[in-house]
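Novice: Okay, predicted coordinates and the sequence, questions at the end:
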Amino acid sequence: MPGYVEDTIVALATPPGLAAIAVLRLSGRDARRIAATILGDRPDDERVERLLAGSHRARLAVVRDPDSGVAIDRVLVLPMLAPRSFTGEDVIEIHCHGGTLIPDRIHRALLAVGARAARPGEFTERAFLNGKLDLCQAEAVADLIEASSEAGRAAAWQQLEGGLSRRVLAIRDALLDARALVEAHLDFPEDDLPAEAEAEIGSSLAASTSAIDALAGTFARGRLAREGLRVTLVGKPNVGKSSLLNAVLGHERALVSEQPGTTRDYLEEPAAVGALRILLCDTAGLRGEADEVERAGIARTRQRIASSDVVVAVVDGSAPLDEHDSAVLHACAGRPHVVVRNKSDLPAAWRGEPSALEVSARTGHGLDALASSIAAALPQAEGPEPTDDAPLVTRARHHVALVRAGDAVRRAQVALDLGQGLDLVSCELQTATTELDRLVGASDAEDVLDRVFSRFCVGK
């Protein structure tokens, strides 16, 4: 990272705007000198150096304009000195009054005396480069900040505590041991591989393959915990899809009208279902007779059905079923889905098939049962909370690395079984360990790191 050793970075670590307090964060070898330049009850206050020398002890101080010496604010200063800090460098936090003006003036004052504005994710990047976090843990920092469900929070916390990294590194160590055993016999190519050594290597490869596959197999549940379920409401016009979306959200988000075809395109809104986050989508009603714009909306509805984790097929319980309802149910076939019989507050026009959940978007009847049914329609979204013993793979990057590592180990097993040469076995095991190293960031190209940390917010 250019200028990494010399630069001291600064950023506002709290959201801008009206608030009781704001926190500015400095990190770098000159953090104490830079902070001392603008702190003190008077411009020549000799107590500032002592104030900044005590690590992890918060003290009151005054921030002054470096040019005029005019006081800007009375603040709380918290030094966290290397190596006992998040980044592994000297870190100084300045807790000032919130709002827009005061944090901005302090930020500009720190820039004026030598700090540099931090890039997005640069504090966490420095923590990674200084060995305070591996790459999985660094990504978990962003996931924890962005978590909007209990399942997402739990998965991010488990990863931040090192659960995934420990499992990956244990597999990597086993593969390194197997590779060492293979290469020990590569030194004596004229000798056949002893049967007991071949059995030991084969057993190690089989165990590693199972461990990799088990970890990669958690991706479906892990993705749902991190990103949430994609849930789509489908049905013919005027069955109450938009009213149902508004009822689940608890506020009026979609326009509701008795005129058919009001919804011409899909509408997405985040919501909560139990411990999971969902992205709830209202769609254009499925029917045969429609104008050109509505037909385009219907085409998008069918695309949403194909890409959704769960589809909620909405039918009107107060009106007889017709061919349009049948077409909706047919469109949901083969996808995880829940059939909802809406308008249960009105006299029923039919009962029996299809088996449906009774719901009233108007009164709220059945909404709790709907939430449970959505979760139950996708079994991998259920299960125990993540623990250190059962880490979840939550990112596609992790899943791809595990799949590639597993494929390489399988190729090594085939080469061993068919006697294709220990050099090929060793090469495939090296490929597998390299993929696992990339997963935890032990051997990542700079462009990969840039992609990871550029998605962080400034100040983290």
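Specialist: Nice, I can see it.
Novice: CA atoms only: put the strand or helix carrying Leu76 into PDB for me.
Specialist: Following DSSP states H and E, one finds Leu76 within strand 71-80. Taking Å, rounded to 0.1, in the frame of the first residue of the first chain, the C-alpha atoms of strand 71-80 are listed here in PDB:
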ATOM      1  CA  ALA A  71     -11.100  26.600  20.800                       C
ATOM      2  CA  ILE A  72     -13.500  24.400  18.600                       C
ATOM      3  CA  ASP A  73     -14.900  22.000  21.200                       C
ATOM      4  CA  ARG A  74     -14.200  20.200  24.400                       C
ATOM      5  CA  VAL A  75     -13.700  16.500  23.600                       C
ATOM      6  CA  LEU A  76     -13.000  13.100  25.100                       C
ATOM      7  CA  VAL A  77      -9.600  11.800  23.800                       C
ATOM      8  CA  LEU A  78      -9.000   8.000  23.900                       C
ATOM      9  CA  PRO A  79      -5.400   6.900  23.000                       C
ATOM     10  CA  MET A  80      -5.000   3.200  22.000                       C
END
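Novice: Mind listing what's buried along it?
Specialist: Neighbour-count burial for strand 71-80, counted by 16 or more other C-beta atoms under 10 Å, picks out 72-73, 75, 77-80. To be clear about C-beta, it is placed using only N, CA and C from the backbone, and glycine gets the same treatment.
Novice: what does the host helix or strand of Leu111 contact?
Specialist: In this assignment (DSSP H and E), Leu111 forms part of helix 101-112. With contacts defined as C-beta atoms under 8 Å, 6 or more residues apart in numbering, helix 101-112 is touched by 10-12, 16, 22, 24, 26, 34-35, 38, 63-67, 72-73, 75, 94, 96, 117.
Novice: who does the strand holding Leu76 touch, helix- and strand-wise?
Specialist: Judged by 3 or more C-beta pairs under 8 Å, 6 or more residues apart in numbering; DSSP states H and E, strand 71-80 is in contact with helix 31-38, helix 47-53, strand 59-64, strand 91-99, helix 101-112.
Novice: hmm, try it at 6 Å
Specialist: If you count contacts as 3 or more C-beta pairs under 6 Å, 6 or more residues apart in numbering; DSSP states H and E, strand 71-80 packs onto strand 59-64, strand 91-99.
Novice: Report the distance from the longest one to the chain centre.
Specialist: If you compare the mean C-alpha spot of strand 91-99 with that of the full chain, they lie 28 Å apart, counting by C-alpha atoms, centre = their mean, to the nearest Å.
Novice: Which elements pack onto it?
Specialist: Counting by 3+ C-beta pairs under 6 Å, 6+ apart, strand 91-99 packs on strand 17-27, strand 71-80.
Novice: Go through these and name the closest to Gly419.
Specialist: Nearest of those to Gly419, taken as C-beta to C-beta: strand 17-27 at 55.4 Å.
Novice: Partner strands of that closest one, with direction?
Specialist: Paired neighbours of strand 17-27 in the sheet (DSSP bridges): strand 9-12 (antiparallel), strand 91-99 (antiparallel).
Novice: wait, what's in contact with the residue sitting nearest the centre point of the chain?
Specialist: Among the residues of the chain, the one closest to the centroid is Asp143, at 4.0 Å (C-alpha atoms, centre = their mean). Counting by C-beta atoms under 6 Å, 6 or more residues apart in numbering, Asp143 touches 156, 226.
Novice: so how far is the host helix or strand of it off the chain centroid?
Specialist: Asp143 is part of helix 135-146 when elements are defined by DSSP H and E. With C-alpha atoms, centre = their mean as the basis, helix 135-146 stands 7 Å off its chain's centre.
Novice: Buried residues in it, which are they?
Specialist: Going by neighbour count (16+ other C-beta under 10 Å), the buried part of helix 135-146 is 135-144.
Novice: Next secondary structure after it?
Specialist: Using DSSP H and E, the first helix or strand after helix 135-146 is helix 150-160.
Novice: From the contact counts, what lies against the helix or strand just after that next one?
Specialist: For helix 150-160, the following helix or strand on the C-terminal side (DSSP H and E) is helix 163-186. Packing partners of helix 163-186 (3+ C-beta pairs under 6 Å, 6+ apart): helix 195-216, helix 422-440.
Novice: Give the rounded mean pLDDT of helix 163-186.
Specialist: Across helix 163-186, the average pLDDT comes to 90.
Novice: For the stretch 201-350 of the chain, which segments count as strands?
Specialist: Assignment of strands within the stretch 201-350 of the chain using DSSP state E, counting those that start in this stretch yields the ranges 229-234, 267-273, 276-282, 310-316, 337-342.
Novice: what residues does the second one touch?
Specialist: Strand 267-273 is contacted by residues 248-249, 253-254, 278-282, 371, 374-375 when judged by C-beta under 6 Å, 6+ apart.
Novice: how much distance is there from that strand to the middle of the chain?
Specialist: Centre to centre, stretch against its chain (C-alpha atoms, centre = their mean), the figure for strand 267-273 is 17 Å.
Novice: What angle do strand 276-282 and it make with each other?
Specialist: Angle between the axes of strand 267-273 and strand 276-282 is 150 degrees (criterion: axes from the mean of the first three to the mean of the last three C-alpha atoms, to 10 degrees).
Novice: Adjacent strands (with direction) for strand 267-273?
Specialist: Checking strand 267-273 against DSSP bridges gives partners strand 276-282 (antiparallel).
Novice: about what we covered before: could the helices and strands packed on strand 71-80 be laid out in CSV, adding mean pLDDT and distance to Leu329?
Specialist: Shown next, in CSV, are the helices and strands packed on strand 71-80 (pLDDT from 0 to 100; distance: least, C-beta to C-beta, whole Å):
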stretch, mean pLDDT, distance to Leu329
strand 59-64, 93, 66
strand 91-99, 96, 53
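Novice: Let me have those in TSV, extended by distance to Gly366.
Specialist: Shown next, in TSV, are the helices and strands packed on strand 71-80 (distance: least, C-beta to C-beta, whole Å):
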stretch	distance to Gly366
strand 59-64	56
strand 91-99	43
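Novice: Ok, which of the ones you listed comes nearest Arg395?
Specialist: Judging those by C-beta to C-beta, what sits closest to Arg395 is strand 91-99, at 27.3 Å.
Novice: Per-residue pLDDT of Gly364, please?
Specialist: 86.
Novice: quick one: it is in a helix?
Specialist: No. Assessed with DSSP: H, G, I helix; E, B strand; the rest coil, Gly364 is coil; it does not lie in a helix.
Novice: burial of the residue nearest to it when sequence neighbours are not counted, as a residue count?
Specialist: In space, and not counting its chain neighbours, Gly364 is closest to Ala247: 6.0 Å by C-beta to C-beta, 6 or more residues apart in numbering. Counted by other C-beta atoms under 10 Å, the residues lying close to Ala247 total 22.
Novice: Could you measure from Ala247 over to Asp345?
Specialist: Between Ala247 and Asp345 the distance is 12 Å, computed by C-beta to C-beta, to the nearest Å.
Novice: for Ser308, same thing?
Specialist: Applying C-beta to C-beta, the value for Ser308 to Asp345 is 27 Å.
Novice: Between the two, which has more neighbouring residues?
Specialist: Between Ser308 and Asp345, Ser308 has the larger neighbour count (other C-beta under 10 Å), namely 22 against 15.
Novice: With that, I have no additional questions.
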